[in-house]
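In: Fold the following for me, if possible:
(2 chains)
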Protein chains: 2
Amino acid sequence: MIECSACRSKIPANNNNSKAVARAYVRHRSDVSYKTRFLNLLLVVGDCSLVGLQPILVYMSKEGGRFEFSPISVNFLTETAKVFFAITMLLIQARQKKVGEKSLLSVSSFVQAARNNVIFAVPAFLYAINNYLKFIMQLYFNPATVKMLSNLKVLVIAVLLKMIMKRRFSILQWEALALLLIGICVNQLRTLPEGSSAMVPVATGAYLYTLIFVSVPSFASVYNEYALKSQFETSIYLQNLFLYGYGAIFNFLAILVTAIFKGPSSLDILHGHSRATMLLICNNAAQGILSSFFFKYADTILKKYSSTLATIFTGIASAVLFGHTLTINFILGISIVFISMHQFFSPLSKVKDGPRDGILEVVDSQNSQS
Amino acid sequence: MIECSACRSKIPANNNNSKAVARAYVRHRSDVSYKTRFLNLLLVVGDCSLVGLQPILVYMSKEGGRFEFSPISVNFLTETAKVFFAITMLLIQARQKKVGEKSLLSVSSFVQAARNNVIFAVPAFLYAINNYLKFIMQLYFNPATVKMLSNLKVLVIAVLLKMIMKRRFSILQWEALALLLIGICVNQLRTLPEGSSAMVPVATGAYLYTLIFVSVPSFASVYNEYALKSQFETSIYLQNLFLYGYGAIFNFLAILVTAIFKGPSSLDILHGHSRATMLLICNNAAQGILSSFFFKYADTILKKYSSTLATIFTGIASAVLFGHTLTINFILGISIVFISMHQFFSPLSKVKDGPRDGILEVVDSQNSQS
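Out: So this is what the prediction gives:
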């Protein structure tokens, strides 16, 4: 039995995911207290610091202006680092467990947990594909229009949240998300080469590519949020263990496939790595772990705003530290982003007829029917 | 005695402007009915059509790629055309007047009206200065940064409306106005020459100039709105007669001053005019008359949105008619403007504790004290 946090009535617990996720969401939404706000702030500050550190670490990792290591090895090592972190946290939790609680370390409970968390193979697979696509995109194929279109991710995530998480947005929130997208685009406009500011029609292939590049990571994030929240009672470290475990497996498979095509030298996953690249991998891993906290305790939209804030702070910091001039685009772009943020999280933008009650009613009526 | 449109209680009428304007504003705001909406729509459509016609008439008015006439003569002829229109409308009104009503054409009532409407000398003077400044700006001095900064007019107008008209805006409306400003800037970014996209510090003189160029027309519009609404019962054509009468006098004085400096040839105000320039003058006059209706029956903000809409429609029309490609800037800019417009006029953005009642209470307490 689970207690409703609003009316304190008991609702029977069951394994139906769509109901469980609705309930997890209800709990999350009904708990917008001081504590939640503080947690959100902590997540955003942590995320911004890690993202801000990244360019410095990337710079330090370059040798002679280029990377010596294979990007797949970075992804694999990152996933492995995250798995180790999850195991460490689980061991600490296991030590602190009270007498009578079931140990997570027993074989039977691990098998049970593995069965419950097989859902994480989906986001892990999507993330692995996305990381590979990102790498390809940076190397071979990156027209400005595609980069611009890939900002549509924000809206795709919102649509997926509405479809998968049954989340409802007010018109003001949709407008705020559109403004976030526009603000990022305005900031990027300055990086467009001269003459490409017109809406140049790109090849159909590029549109298809953009569609994949936009939908895969969006779907990965939203499905990850769904998976983390659908088994809300499960420890986040156990959930992470499976998510990153699957991630490590998929990246390891990619390394094997590369080895088949490019020869066994690809198997030397530590080739070209230095102390700086290890720090980069730790930073990546920490960002990944923080994402899980975003998805489980906040949501994908907050993560998106946080990433944008990180870009803004990096821009301001580089202007202050290295004396760059701030462009008009940057100033207009961040003004739009700040207005968007204020509107999205403003009490005015709350969905009118209470999504909380709405979802609880659906859960209730489903329960009474069964 | 005036009847309150909300509670039907009688309020004593008096000549105090600040009270009368508040009441006019109250009447205006409390009457957001189907009729008002229709009138607003009509104003916007009319304004957009006239503004859209303007570039075509300007093109037709050029002879050998340049204008043969003096811009002051255009301003003077425009004011004169508006005076004739106002007189015509007043004559039509005088014919339709019922027996017993006081004729506007009698000398005593004209003198009385002139005394009541001396206030219009202020906006007429400001408009005359602004028209001259505009001309100077186009000829001699127009850096992109100044053009960008002059968009701040939107916010200056809002601040002046708050100060002079005691108008209150919600946070969402302030944000919407900021978005309008940003949207216009984003659209203009493409016209900036390459390399000027950084915030280049302009000379102190330019800032001073921008300050004047931003504040004079803003103050003219808001003071005009104040003057038109403060004597709400007076016929708009009588108000226009004085506004444009003063305007014609100020422009005529400018012609005389020019004649002193440049010789008597400047007195030939019809020099260089053709049928096309007469159409241009009629268009200018019609825009001016429409502005009065905006200021009296709607407000300066709606006029500002209408001008922006006109720019957007002109952009789209020129793309459709002449096959121009729409730039990314244009698409991002108009998206921001449309979101801004929706938010500014959305019921969500209403000021919380009713400005209507607030103002009526002030009027009431002032009345009970006197």
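In: From here on, just use CA atoms for contacts and neighbour counts.
Out: OK.
In: and A:P264, how many neighbours does it have?
Out: Counted by other Cα atoms under 10 Å in any protein chain shown, the residues lying close to A:P264 total 12.
In: wait, I meant A:T78
Out: 25.
In: Touching, it and A:A286? I think so.
Out: No. At 9.0 Å, A:T78 does not count as touching A:A286 under the criterion of Cα atoms under 8 Å.
In: Excluding chain neighbours, give the residue nearest to A:L302 in space.
Out: Spatial nearest neighbour of A:L302, excluding adjacent residues (Cα to Cα, 6 or more residues apart in numbering or on different chains): A:F294 at 7.3 Å.
In: Which helix or which strand is home to the one you found?
Out: Using DSSP states H and E, A:F294 sits within helix A:275-297.
In: I would like the residues contacting the following helix or strand past that helix, please.
Out: Using DSSP H and E, the helix or strand that directly follows helix A:275-297 along the chain is helix A:300-322. In this structure, residues lying in contact with helix A:300-322 by Cα atoms under 8 Å, 6 or more residues apart in numbering or on different chains are A:44, A:47-49, A:51-52, A:154, A:157-158, A:184, A:221-222, A:225, A:291, A:294-295, A:324-326, A:334, A:341.
In: Quick one: residues contacting the residue nearest to A:L302.
Out: By Cα under 8 Å, 6+ apart, the contact list for A:F294 reads A:N40, A:L43, A:T300, A:L302, A:K303.
In: need those in JSON lines with neighbour count and pLDDT, can you?
Out: Formatted as JSON lines, those follow (neighbours: other Cα atoms under 10 Å in any protein chain shown; pLDDT from 0 to 100):
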{"residue": "A:N40", "neighbour count": "20", "pLDDT": "88"}
{"residue": "A:L43", "neighbour count": "21", "pLDDT": "91"}
{"residue": "A:T300", "neighbour count": "22", "pLDDT": "90"}
{"residue": "A:L302", "neighbour count": "18", "pLDDT": "91"}
{"residue": "A:K303", "neighbour count": "22", "pLDDT": "90"}
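In: Would you mind listing which of the contacts of helix A:300-322 are buried?
Out: Using 16 or more other Cα atoms under 10 Å in any protein chain shown as the burial test, the contacts of helix A:300-322 include A:44, A:47-49, A:51-52, A:154, A:157-158, A:184, A:221-222, A:225, A:291, A:294-295, A:326, A:334, A:341 as buried.
In: Out of the contacts of A:F294, flag the one nearest to A:Y246.
Out: A:T300 (20.8 Å; Cα to Cα).
In: Distance check, that closest one against B:V156.
Out: For A:T300, the distance to B:V156 equals 38 Å [Cα to Cα, to the nearest Å].
In: how about low-confidence regions in chain A?
Out: Residues of chain A meeting the criterion pLDDT under 70: A:1-32, A:64-67, A:97-105, A:135-146, A:190-206, A:266, A:352-370.
In: ok, which stretches of it are helices?
Out: A:17-30, A:34-61, A:71-96, A:107-116, A:121-140, A:144-149, A:153-164, A:171-189, A:204-230, A:236-262, A:275-297, A:300-322, A:328-344, A:355-369 (DSSP state H).
In: Out of those, flag the one nearest B:T277.
Out: helix A:328-344 (38.0 Å).
In: do the closest one and chain B meet at all?
Out: Yes. Applying Cα under 8 Å from any Cα of the partner chain, one finds helix A:328-344 in contact with chain B at A:I328, A:N329, A:L332, A:I336, A:I339, A:Q343.
In: Among those, which pair sits farthest apart?
Out: Pairwise over the residues of helix A:328-344 next to chain B, using Cα to Cα, the maximum falls at A:I328 and A:Q343, 22.6 Å.
In: contacts for stretch A:166-180?
Out: Stretch A:166-180 is contacted by residues A:22, A:154-155, A:161-162, A:336-337, A:339-341, A:343-344, A:349-352, A:355, B:336, B:339, B:343 when judged by Cα under 8 Å, 6+ apart.
In: now that stretch, how far from the chain's geometric center?
Out: For stretch A:166-180, the gap between its own C-alpha mean and the chain's C-alpha mean amounts to 19 Å (Cα atoms, centre = their mean, to the nearest Å).
In: What residues of it count as buried?
Out: Applying a neighbour-count criterion of 16+ other Cα under 10 Å, one finds A:166-169, A:172-180 buried in stretch A:166-180.
In: One more: stretch A:331-344?
Out: A:331-344.
In: show me the contacts for A:H342.
Out: By Cα under 8 Å, 6+ apart, the contact set of A:H342 is empty.
In: Repeat the analysis, applying 10 Å as the threshold.
Out: A:Q173, A:A176, A:I336, A:S349, B:L172, B:E175 (Cα atoms under 10 Å, 6 or more residues apart in numbering or on different chains).
In: cool, A:A227 as well?
Out: With contact taken as Cα under 10 Å, 6+ apart, A:A227 is in contact with A:17, A:21, A:117-123, A:221, A:239, A:243, A:295-296.
In: Make CSV from these and add distance to A:Q96 to it.
Out: Listed next are those as CSV, based on distance: Cα to Cα, whole Å:
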residue, distance to A:Q96
A:N17, 29
A:V21, 28
A:N117, 23
A:V118, 26
A:I119, 28
A:F120, 26
A:A121, 29
A:V122, 31
A:P123, 30
A:S221, 31
A:Q239, 19
A:L243, 24
A:F295, 25
A:K296, 22
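In: Got a PyMOL select line for the buried ones in the residues you listed?
Out: Burial among the contacts of A:A227 is assessed by 16+ other Cα under 10 Å; the matching PyMOL selection reads:
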select buried, chain A and resi 21+117+119+120+121+122+123+221+239+243+295+296
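In: Quick check: of the contacts of A:A227, which lies closest to A:F84?
Out: A:L243 (12.3 Å).
In: Was I right to think the closest one contacts A:A121?
Out: Yes. A:L243 lies in contact with A:A121 (Cα atoms under 10 Å); the separation is 6.5 Å.
In: Touching both of those two, which residues are there?
Out: A:Y127, A:N224, A:A227.
In: So which of these is the closest to chain B?
Out: When the shared contacts of A:L243 and A:A121 are ranked by distance to chain B (Cα to the nearest Cα), A:Y127 comes first, at 30.2 Å.
In: Contact partners for the closest residue to the closest one other than its chain neighbours?
Out: Nearest residue to A:Y127, sequence neighbours excluded (Cα to Cα, 6+ apart): A:A220, at 6.1 Å. For A:A220, the contacting residues are A:F120, A:V122, A:P123, A:A124, A:F125, A:L126, A:Y127, A:A128, A:I129, A:N130, A:I157, A:Y226, by Cα under 10 Å, 6+ apart.
In: try it again with 8 Å
Out: Neighbour list for A:A220: A:V122, A:P123, A:A124, A:L126, A:Y127 [criterion: Cα under 8 Å, 6+ apart].
In: In these, find the pair that's most separated.
Out: A:V122 and A:Y127 (8.7 Å).
In: what bridges to whichever residue of the stretch 251-370 of chain A sits closest to chain B?
Out: Going by Cα to the nearest Cα, chain B is nearest to A:T327 of the stretch 251-370 of chain A, at 4.0 Å. Beta-bridge partners recorded for A:T327 (DSSP bridges): B:A198.
In: neighbours of it, just the number please.
Out: A:T327, neighbours per other Cα under 10 Å, totals 16.
In: same thing with A:T234?
Out: Neighbours of A:T234 under the rule other Cα under 10 Å: 14.
In: Around A:F38, how many other residues sit close by?
Out: 11.
In: For chain B, see how far away it is.
Out: In this view, A:F38 and chain B are 25 Å apart by Cα to the nearest Cα, to the nearest Å.
In: so what's that residue up against?
Out: For A:F38, the contact set (Cα under 8 Å, 6+ apart) is empty.
In: 10 Å instead?
Out: With contact set as Cα under 10 Å, 6+ apart, A:F38 has these partners: A:V44.
In: same deal with the one 4 residues further on?
Out: A:L42 makes contact with A:T36, A:C48 under the criterion Cα under 10 Å, 6+ apart.
In: A:L238 is in contact with A:F110, isn't it?
Out: Yes. Using Cα under 10 Å, A:L238 makes contact with A:F110 at a distance of 9.3 Å.
In: Between the two, which has more neighbouring residues?
Out: In this view A:L238 and A:F110 are compared by other Cα under 10 Å, and A:L238 has more residues nearby, 19 against 14.
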